[in-house]
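1. Quick one, structure for this:
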Amino acid sequence: MVVTDIDDLVKRVALRAASDSKDLPEPVDDAQISEAEGLLGFALHPLLVRLYREVADGGFGPDYRLLPLHGPGSSVVGEYMTRREASLGAEYPEWPEGVVPILTWGCAMYAGVDCLSADGQVLLFEPNPYNGGSWEQCWFLDSAGLAAWLGTWLAGTGWFEEDAIDRDDLVEPRPWDQAASRLHSGAQPNSQAESVSL
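-> Residues are numbered from 1 along each chain as shown. You can find the predicted model right below:
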């Protein structure tokens, strides 16, 4: 996607966010982005940065809406730090490095953005069928990129929409083929998001 497409996407997200909520939080500033990245230990995906800097500090998007970047309460940084801390040194790590939870779907399910992938692939963490051992069966690829994921939300065509089950063209999340390597070997991305600029 070229830069002008991303610019248009961010504008469309901002318009939708403003129409969905009259009470959006203020966007974050560069210092808050830097603080978050310092705590996380990696750069946030550039499109995710633009959303938080140009649209709002969460409070928009599908269903339960994007989490705020920082706390108090549930936040992108707080949820990531908690989940990674529990995974470090565990025989069966639950949460991969570089995947920030951006939204809860309820019932312990999360949407996460892989900040170590060039397109910021969006993942679904669905732990409810977990029965011990590896967590890799709980990870699904929702979208190959954050831009495409936002596009499905704007178009009303995501699997998470109320009428999704009635559509013939529904694309559901599929098992994440990198889950085993990313959970058990640390970050093994295809390419670094730091090399991408939007």
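2. what's the average pLDDT for stretch 111-130?
-> The pLDDT scores in stretch 111-130 average 96.
3. Any idea how far apart the tips of it sit?
-> Taking Cα to Cα, to the nearest Å, the span from the opening residue of stretch 111-130 to its closing residue is 17 Å.
4. now stretch 57-67
-> Using Cα to Cα, the two ends of stretch 57-67 sit 8 Å apart.
5. Show me the contact partners of that stretch.
-> Outside stretch 57-67, the residues that touch it by Cβ atoms under 8 Å, 6 or more residues apart in numbering are 13, 16-17, 20-21, 23-28, 51-52, 68-70, 74-76, 79, 101-106, 111, 150, 153, 158, 160. To be clear about C-beta, it is placed using only N, CA and C from the backbone, and glycine gets the same treatment.
6. Just the buried ones from those?
-> 13, 16-17, 24-25, 27-28, 51-52, 68-70, 75-76, 79, 101-104, 111, 150, 153, 158, 160 (16 or more other Cβ atoms under 10 Å).
7. ok, back up a step: filter the contacts of stretch 57-67 down to just the ones in helices.
-> Among these, the ones falling in helices (DSSP state H) are 13, 16, 17, 20, 51, 52, 76, 79, 150, 153.
8. In this protein, where's the longest strand?
-> Criterion DSSP state E: the longest strand present in the chain is strand 99-106.
9. And that strand, what does it pack against?
-> Here strand 99-106 touches helix 76-87, strand 109-114, strand 122-125, going by 3 or more Cβ pairs under 8 Å, 6 or more residues apart in numbering; DSSP states H and E.
10. switch the cut-off to 7 Å
-> On a contact count with 3 or more Cβ pairs under 7 Å, 6 or more residues apart in numbering; DSSP states H and E, strand 99-106 meets helix 76-87, strand 109-114.
11. of all these, which gets the most neighbours per residue?
-> strand 109-114 (a mean of 24; mean count of other Cβ atoms under 10 Å).
12. Sheet-wise, list the partners of it with their directions.
-> strand 99-106 (antiparallel), strand 122-125 (antiparallel) (DSSP bridges).
13. Residues in contact with that strand: which ones?
-> With contacts defined as Cβ atoms under 7 Å, 6 or more residues apart in numbering, strand 109-114 is touched by 45, 48, 98-105, 120-126, 142, 146.
14. Whichever of those end up buried, select them in PyMOL.
-> Buried residues among the contacts of strand 109-114 (16+ other Cβ under 10 Å), as a PyMOL selection:
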select buried, resi 45+48+98+99+100+101+102+103+104+120+121+122+123+124+125+126+142+146
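15. where in this structure is pLDDT low?
-> 1-4, 163-169, 185-198 (pLDDT under 70).
16. wait, which of the strands paired with strand 109-114 is closest to residue 170?
-> strand 122-125 (14.4 Å; Cβ to Cβ).
17. roughly how far apart are residue 54 and residue 17?
-> The spacing between residue 54 and residue 17, counted by Cβ to Cβ, to the nearest Å, is 10 Å.
18. Hmm, I typed the wrong one, I wanted residue 113.
-> 17 Å.
19. Give me the nearest residue to residue 57, chain neighbours excluded.
-> residue 25 (4.1 Å; Cβ to Cβ, 6 or more residues apart in numbering).
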